[in-house]
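Undergrad: kindly generate the corresponding structure for this input.
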Amino acid sequence: MSHLPCHPQLASPAAATFTMIREDMAFSRRKFLGLGAGAAVAFSLPLADAYTHGRHHLTTLRQDIFIPDLPDAFVGFTIAQLSDFHFGVHDESDLLTRAIEVVNNLHPDMVALTGDFITANYESARANLRAAHQCAELFRAIQSPLRLASYGNHDMIAPRAVADALKSNGITLLRNAGLNIKRGGDTMWLGGLADSLGDVPIESAALPRSVRDQPAILLGHEPSFATRLTGDIERGNLRCDLFLTGHTHGGQVNLPIITQNLASSLGERFLHGAFSLEGFTMYVNRGLGTIHLPLRLDAPPEVTLLTLRRG
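TA: Modelled structure (predicted):
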């Protein structure tokens, strides 16, 4: 019986190739883990800031709204806007209290609260009721002669609870309804829409017929509704000069390119700020609260003071 020579110091070509592949895989894995660790460190700092400073860094923004035939009595009329409070999973009592203090120091002629007073809890009606009252009770501290509100999409889980909580704390909720105020013989209309995602908005019930020298301010929630609003105003010969909305949280967590592209794919063209549309101006407030994750990155909570100007 013959014996084949054994040379343990020599590896076969296949074994050598496998060893190289295994070493390459080990290197690639180490490289991947190293990059992953670096990315985790890179993102952990801004995310930590988004949870602490970013989430509670209250900002005050001022915006002039120009209306060509604004009557003399309403030149300089100011509106403080707050939005998207999202009481429920996260309690933002301290933040809302500070925001109301800011509003009171601004001495606005009117305060507009544009929806999402709660974060919808689909499992507990009691939790929704509790959240609605926790939020609305803080509104008692608002010092303004006009305190108006509109529904948000989350409020549609418990519309009666939200309405009752607001009413019991001195807030007028406008759902497909309007009213007018007068100053020195001049008139301005104020309206509020039903939520466009969970309800049926009726613009003709919230807005007046178009009349010269009688501007109209509309409270809503979803800025994406503005595209429909434009056509309905023209068809119905309605008047709207300013449409106040929220809903987007200004992106809430703004990652370069990603957030804007994602928002666009979901139909949200308007994330934050003032937009001049056909026939009216829309303002999108970043809101105060958060949903899903208690984070705000490059989208701080906001108090807005809007001032009506002629022009």
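Undergrad: right, and residue 76 touches residue 305 too?
TA: No. Between residue 76 and residue 305 there is no contact under Cβ atoms under 8 Å: 11.8 Å. C-beta here means a position set from N, CA and C on the backbone, and glycine is covered the same way.
Undergrad: these two: who's more crowded?
TA: Just comparing residue 76 and residue 305: by other Cβ atoms under 10 Å the higher neighbour count belongs to residue 305, 18 against 12.
Undergrad: bridged to that one, which residues?
TA: residue 62, residue 80 (DSSP bridges).
Undergrad: and for residue 282?
TA: residue 243, residue 275.
Undergrad: burial of it, as a residue count?
TA: As a burial measure, residue 282 scores 22 neighbours (other Cβ under 10 Å).
Undergrad: list the contacts of it.
TA: Shown in contact with residue 282 (Cβ atoms under 8 Å, 6 or more residues apart in numbering): 223, 226, 242, 243, 244, 245, 270, 274, 275.
Undergrad: least confident pick among those?
TA: Lowest pLDDT within these is found at residue 270 (84).
Undergrad: helix or strand: which one has the nearest residue to residue 168 once chain neighbours are set aside?
TA: Using Cβ to Cβ, 6 or more residues apart in numbering and skipping residues adjacent in sequence, the residue nearest residue 168 is residue 136, 7.1 Å away. In this structure, residue 136 sits in helix 125-138 according to DSSP states H and E.
Undergrad: beyond that helix, next helix or strand please.
TA: strand 147-150.
Undergrad: circling back: what is the helix holding residue 136 packed up against?
TA: The contact analysis (3 or more Cβ pairs under 8 Å, 6 or more residues apart in numbering; DSSP states H and E) places helix 125-138 against helix 93-106, helix 159-168.
Undergrad: what does the longest one contact?
TA: Spelled out, that is helix 93-106. Here helix 93-106 has contacts from 56, 58, 60, 78, 80, 82, 85, 87, 111, 134-135, 138-139, 141-144, 288-289, 301, 303, 305, using Cβ under 8 Å, 6+ apart.
Undergrad: ok, residue 116 - contacts?
TA: 83-86, 152-155, 221, 246-247, 287, 289.
Undergrad: now the residues you listed in JSON lines, with secondary structure and pLDDT?
TA: Formatted as JSON lines, those follow (DSSP: H, G, I helix; E, B strand; the rest coil; pLDDT from 0 to 100):
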{"residue": "83", "secondary structure": "coil", "pLDDT": "98"}
{"residue": "84", "secondary structure": "coil", "pLDDT": "98"}
{"residue": "85", "secondary structure": "coil", "pLDDT": "98"}
{"residue": "86", "secondary structure": "coil", "pLDDT": "97"}
{"residue": "152", "secondary structure": "coil", "pLDDT": "98"}
{"residue": "153", "secondary structure": "coil", "pLDDT": "97"}
{"residue": "154", "secondary structure": "helix", "pLDDT": "97"}
{"residue": "155", "secondary structure": "helix", "pLDDT": "98"}
{"residue": "221", "secondary structure": "coil", "pLDDT": "98"}
{"residue": "246", "secondary structure": "coil", "pLDDT": "97"}
{"residue": "247", "secondary structure": "coil", "pLDDT": "95"}
{"residue": "287", "secondary structure": "coil", "pLDDT": "98"}
{"residue": "289", "secondary structure": "coil", "pLDDT": "96"}
